[in-house]
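Student: Test case, fold it:
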Amino acid sequence: MTAITVDQASAPRIGPARTLGNGLTLAWRNVMQLKHSPEKLIDVLMMPVVFLLLFLYVFGGVVAGSTHAYLQQLLPGLVAQMGMFASMGLGTSLCEDIRKGVFDRFRSLPIARSAPLIGAVIGDAVRFCVSMVMLVAFGSLLGFRFHTNPLSVLAAFGLAYALYFAVCWVSVLVGLVAPSPETVQGLGFIWAMPLTFGSSVLLANTGTMPGWLQAWVKVNPVTHLADATRALMVGGPIGDHAWYTLAWAVGIVVVTFPVAVWMYGRKV
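Tutor: So this is what the prediction gives:
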């Protein structure tokens with residue numbers, strides 16, 4: 001192990017282009033893992049169905065007067081929520097790979113130190129796509145319809161993926177810190193629950209919330225994403241919500257990416 005560390009320290013610096021290439025190669029490895037272990041997609045297949053049915057028929061009549069009217073504001077909000085919950089699977093997989101020694105093998109390869117983490121995050125995009133397809137497909141069966149043009153709809157999912165990509169790095173940090181994959185889920189819910197439920201995901205009008213909660217909702221990135229996706233999918237003013245969402249995504253990556261790479265170097 002000492003020889004490997006010395007070799008890596010004396011190896012020439014790997015540039016951004018090669019780092020990205022290494023990351024994409026490892027991302028493809030993660031995608032192939034899903035092909036051979038499709039059970040890893042069960043959570044992102046079932047979560048959209050469960051949350052949509054639960055929230056729609058529990059809150060629909062109270063919030064909007066009918067389930068059909070509530071569906072039009074609920075589904076765009078769930079686009080934001082599903083990304084937060086889907087990202088937690090990344091931390092679990094990462095923790096499992098570290099415990100199995102997979103990342104020890106990566107350290108012996110002539111690749112960028114950050115490449116395994118970049119590959120894990122990029123490869124996890126499959127889970128996000130599966131979750132979104134399932135959400136829209138099941139929502140359409142229940143009666144949801146887009147009221148904007150295809151470019152606006154694509155922009156909505158693009159914004160959702162931008163924040164999802166950023167939050168994945170938070171999940172990476174949790175996976176590096178947690179002592180076991182089981183602990184990752186518990187720690188993941190601690191940060192995901194306030195973000196998702198303390199937002200406008202379920203309620204487009206948050207004016208009835210207590211003042212202290214409204215203050216949190218206004219700065220919550222999930223609120224900005226939910227409001228932006230609603231405007232892009234069913235119409236209405238988008239305001240600055242898209243820019244706030246992108247700013248939050250960039251800020252999260254700028255802070256968490258270098259910390260994750262540093263912790264990864266100490267962890268494995």
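Student: For the stretch 1-150 of the chain, which segments count as helices?
Tutor: 2-10, 16-36, 42-64, 67-86, 88-100, 102-107, 115-123, 125-142, 150-177 (DSSP state H, counting those that start in this stretch).
Student: Kindly reformat those as a markdown table containing mean neighbour count, distance to residue 257 and mean pLDDT.
Tutor: Bear in mind the C-beta positions are built from the backbone N, C-alpha and C, glycine included. Below are these laid out as a markdown table (neighbours: other Cβ atoms under 10 Å; distance: least, Cβ to Cβ, whole Å; pLDDT from 0 to 100):
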| stretch | mean neighbour count | distance to residue 257 | mean pLDDT |
| --- | --- | --- | --- |
| helix 2-10 | 10 | 20 | 42 |
| helix 16-36 | 15 | 12 | 78 |
| helix 42-64 | 16 | 24 | 86 |
| helix 67-86 | 23 | 18 | 88 |
| helix 88-100 | 21 | 14 | 82 |
| helix 102-107 | 15 | 17 | 75 |
| helix 115-123 | 23 | 8 | 86 |
| helix 125-142 | 18 | 16 | 91 |
| helix 150-177 | 21 | 6 | 92 |
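Student: The residue positioned nearest the centre of the chain: what's it in contact with?
Tutor: With distances taken as Cα atoms, centre = their mean, residue 164 lies nearest the centre of the chain, 3.1 Å away. By Cβ atoms under 8 Å, 6 or more residues apart in numbering, the contact set of residue 164 is 83, 84, 86, 87, 128.
Student: so which two of those residues are the farthest from each other?
Tutor: 84 and 128 (10.6 Å; Cβ to Cβ).
Student: coming back round to it: for residue 210, find the nearest of the helices of the stretch 1-150 of the chain.
Tutor: Comparing those by Cβ to Cβ, helix 42-64 comes nearest, at 17.5 Å.
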